[in-house]
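> Quick one, fold the following:
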Amino acid sequence: MQPINSVCVCVLAACRSSSACVPVHRILIRSSPVRRIPNLDSASAGVRCLHGVRMDTAVVRQVSAAPPPGPLLPPDRRPEERTVRSGSAADLSPYSRYSRSQSGPALLHILSLCEGGVMSELCSRPAGLPSADRAEELASLLRACVELGLEAHSPPVLRLMGECRELGVVQLCHLAQVAHGLVGRRSVLVSEILGHICAAVEEDTVSPSEAVAVYSLLALCYDPANHQQALMLSTLHRHTQRMVHRLEPSQISSILQSLLKYQQSQAASLLLRLSDRASQAFKAFSDDDVMKVLSALMILGQHHEELLAAMEKHLPGVIQSEIHVTVMEYCLLMKCRSEPIFEAVAENFVSHAERHTTLQIAKQIVAMGRLNYLPQCSSQMFKKLESILSTRFSQFQPRSLIEVLHACIHLERFPLNYMVKVFSPYFLQRLQGEPLDNKALGQLTQLHLSTSLECKYYRGPRLPHFLQVKTFSSVDQAFETPMDSILYRHVKGPLTSLLGGKFYSTKIFTPTGYTIDVEICLDEEGYVLPLYQWDHTYRRVALCLDGRSRFCSNTQHLLGKEATKRRHLRRMGYEVVQIPYFEFEKLRTQKEQVKYLQNKIFPTIFKFNHRAQSHQNLRL
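Numbering: from 1, shown residues only. A predicted model of the protein is given here:
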């Protein structure tokens, strides 16, 4: 590789010099580390240069024919400063395209050099090299051509592209990355190389390593509006699906990262196969690969039960905090309430919490709170958390601190000592210095409600009324999940039949901001009141129609926000009746459904029975 790199350095040095340049053939010889050969001007003897590579006599004559325009450097420089050193391809960066405005003898001589036999000679040198080395040599020549300002249709560049046709897919991808860095993704040169790669992909001969290289290249220069690239990507998806079982762990990680860069979440079949393969190879993943794979799957919205099982099996032996945090983020986003994973994370937290950053601590506690999981070592875990909050309170960002305290109330752990600090005027003033959104205000409001409804003995400062949210219903569903409309349609008929009419209302806002799915009002004797008599309400019943979105994935455990809402509703005086989807969906006939609702509601309502309700309906 050294000979061509030496030529590239020399040509670029000549190109960048002022209008006073020495002849190019002198620069080439000066840059060579071999000794100077006498009788240079003798064409019959030929010359040896470029580390002993012999150049043809005709080529030397072509180069020597140019008249010398002058010395390269001023004569007052030291001799060693006038020597142009050879270097590797890495020495050529940064690359700035040669300015065409610098017209003159030097540019004409260099263009003449490139467009003559010298380029043919240089292109023929890497022919016997291994494919990877040959790609490096051609990439160096390509850099030099672009630096000179040659166009994609110029003879030297066309000659280079002809040589590229015999390269492998991996080497073509490397060459395309070089061209993209030099001239951008919309250049003719990059499109030409992508055309060669596309032809190879269409032939269905790419190997796993070549597929990884193509994915990495497309992540760099993918243009959705380009039909050729879109077709190549679609074909590559199909080929990769067939050879997923051959992918190495690092290759799985690389492909997922590439899919993430151009948001290929619609490639659901490929992502599912990659997730399955990742679960099989999970043990062989490096720590960095684990974080990359999980991060990509989180953003692409892919969850695989086998991958979760693999994490449950191998995570207990991992102590690196970054892995634990990433796994907890994955579980939270996918709403996976995994006992083995959470127990392993809790034990690790108890043993190594001092090594964790405040952000890592917050992410682990928040995941447990929102997924409503209280580990077996909860007493030690919260004791450790209290110790960290006491010693590192000022190190927590205000938002992270609120997230941690808010997660604690989901688990019925009330950090009153720190609520005093959070509700203090100093902290609230500091918090208002940051952009406050409804989510942060809602969390503060729920903390305030917990002190009012569940900690009657709390005597510390309270959240000012102007900072309290008026409703917890929000687009992001951060505090309560909307009623499942399908479940409501199934419940509506049997409920109306049971009550003898539509003696209920839906989507009722409470004074504290919560939304009740279905509310039934009773009088002092326990009879259901019609809507127009709700002013005489003595007792209220809140029916919670709990669809799938209110539970952790594939479990019957409510999310932390839903469990907190029900506790608060009970503290506010409501009789809470839960109608979970997994119970109601088992009922096939309306008779079974009415009987189910009767058993659910009647024990809750004192003095209320089906016969009394029938008499009430007759009176109405």
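> mind listing the strands for this structure?
Under the criterion DSSP state E, the chain carries strands at the ranges 47-49, 53-55, 505-509, 515-522, 539-546, 575-580.
> For the third one, list the C-alpha coordinates in CSV.
This file holds the C-alpha atoms of strand 505-509, laid out as CSV (Å, rounded to 0.1, in the frame of the first residue of the first chain):
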residue,chain,number,x,y,z
SER,A,505,-72.4,7.9,34.2
THR,A,506,-69.1,7.5,32.4
LYS,A,507,-65.8,9.4,32.4
ILE,A,508,-66.5,11.4,35.5
PHE,A,509,-63.8,13.9,36.7
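> Please enumerate residues in contact with it?
471, 473, 483, 488, 515-519, 531 (CB atoms under 8 Å, 6 or more residues apart in numbering). To be clear about C-beta, it is placed using only N, CA and C from the backbone, and glycine gets the same treatment.
> which of these count as buried?
Listed as buried from those are 471, 473, 483, 488, 515-519; burial here means 16 or more other CB atoms under 10 Å.
> mean confidence for stretch 309-324?
For stretch 309-324, mean pLDDT is 86.
> Going by neighbour count, list what's buried in it.
Of all the residues in stretch 309-324, those buried under the rule 16+ other CB under 10 Å are 310-312, 315, 318, 321, 323-324.
> Around Pro249, count how many other residues there are.
19 (other CB atoms under 10 Å).
> Now do it, the pLDDT please.
93.
> Quickly note the distance from it to Val206.
Here Pro249 is placed at a distance of 19 Å from Val206 (CB to CB, to the nearest Å).
> And the buried residues of stretch 309-324, which two are furthest apart?
Farthest-apart pair in those is Ala310 and Ser321; separation 20.0 Å (CB to CB).
> got a list of what the nearest residue to His324 once chain neighbours are set aside touches?
Excluding its sequence neighbours, the residue lying closest to His324 (CB to CB, 6 or more residues apart in numbering) is Val345, at 5.1 Å. Contact analysis of Val345 by CB under 8 Å, 6+ apart lists 315, 324, 327-328, 364, 368.
> Would you map the helices across the stretch 201-350 of the chain?
Secondary structure of the stretch 201-350 of the chain (DSSP state H, counting those that start in this stretch): helices at 208-221, 227-242, 249-261, 268-280, 287-300, 305-314, 321-334, 339-352.
> Relative to Leu194, which of those helices is closest?
helix 227-242 (6.7 Å).
> Show me the contact partners of that closest one.
With contact meaning CB under 8 Å, 6+ apart, helix 227-242 is reached by 191, 194-195, 197-198, 201-202, 204, 206, 211, 214-215, 218, 222-224, 255, 264, 267, 269-270, 273.
> swap the cut-off to 7 Å and go again
194, 198, 201-202, 204, 206, 211, 214, 218, 222-224, 255, 267, 269-270, 273 (CB atoms under 7 Å, 6 or more residues apart in numbering).
> quick one: which of the buried residues of stretch 309-324 is nearest to Leu300?
Met311 (17.2 Å).
> Next, the contact list for the closest one, please.
282, 327, 341.
> 8 Å instead?
Per CB under 8 Å, 6+ apart, neighbours of Met311: 282, 327, 338, 341.
> same question, Thr445
Contacts of Thr445 by CB under 8 Å, 6+ apart are 463, 467-469, 472, 513.
> Can I get those residues in TSV including distance to Val576 and pLDDT?
TSV is the format used below for the contacts of Thr445 (distance: CB to CB, whole Å; pLDDT from 0 to 100):
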residue	distance to Val576	pLDDT
Leu463	25	93
Leu467	28	91
Gln468	23	93
Val469	22	94
Phe472	16	94
Gly513	16	94
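> now Ser321: how far from Ala353?
Counting by CB to CB, the gap between Ser321 and Ala353 amounts to 9 Å.
> of all the contacts of Val345, which comes closest to Gln598?
Met368 (37.4 Å).
> Neighbours of the closest one, how many?
The number of residues packed near Met368 is 26, by other CB under 10 Å.
> Against Glu312, how distant is the closest residue to it other than its chain neighbours?
For Met368, ignoring the flanking residues on the chain, the nearest one in space by CB to CB, 6+ apart is Phe342 at 6.3 Å. Separation of Phe342 from Glu312 (CB to CB) stands at 10 Å.
> Please apply the same query to His304.
13 Å.
> Please apply the same query to Leu300.
On the measure of CB to CB, Leu300 and Glu312 end up 21 Å apart.
> ditto for Asp546
Distance from Asp546 to Glu312, by CB to CB: 26 Å.
> need the contact list for the closest residue in space to Gln380 that isn't next to it in sequence.
Distances taken as CB to CB, 6+ apart place Val350 nearest to Gln380, at 4.8 Å, with adjacent residues excluded. Val350 makes contacts with 377, 380-381, 384, as judged by CB under 8 Å, 6+ apart.
> who touches the residue nearest to Ala284 when sequence neighbours are not counted in this structure?
Sequence neighbours aside, Pro249 is the residue nearest to Ala284 in space, at 4.7 Å (criterion: CB to CB, 6+ apart). Contacts for Pro249 (CB under 8 Å, 6+ apart) come out as 278, 281, 284-286, 289.
> Which single one of these is nearest to Ser497?
Relative to Ser497, the closest of the contacts of Pro249 is Ala278; by CB to CB it sits at 50.2 Å.
> Test my guess that that closest one contacts Ala296.
No - taking contacts as CB atoms under 8 Å, Ala278 lies outside contact range of Ala296: 9.7 Å.
> The two - which one has more neighbours?
Using other CB under 10 Å, the more surrounded residue of Ala278 and Ala296 is Ala278, with 27 against 23.
> how much space between that one and Tyr330?
Using CB to CB, Ala278 is found at 12 Å from Tyr330.
> Next: His465.
Taken as CB to CB, the span from His465 to Tyr330 is 39 Å.
> residues touching Ala362, list them.
With contacts defined as CB under 8 Å, 6+ apart, Ala362 is in contact with 396, 400-401, 403-404.
> Which residue is the nearest non-sequential neighbour of it?
Nearest residue to Ala362, sequence neighbours excluded (CB to CB, 6+ apart): Ser400, at 4.2 Å.
> Can you give me every residue that contacts that neighbour?
Ser400 sits next to 358-359, 362 when contact means CB under 8 Å, 6+ apart.
> ok, 10 Å please
By CB atoms under 10 Å, 6 or more residues apart in numbering, the contact set of Ser400 is 358-359, 361-363, 365-366.
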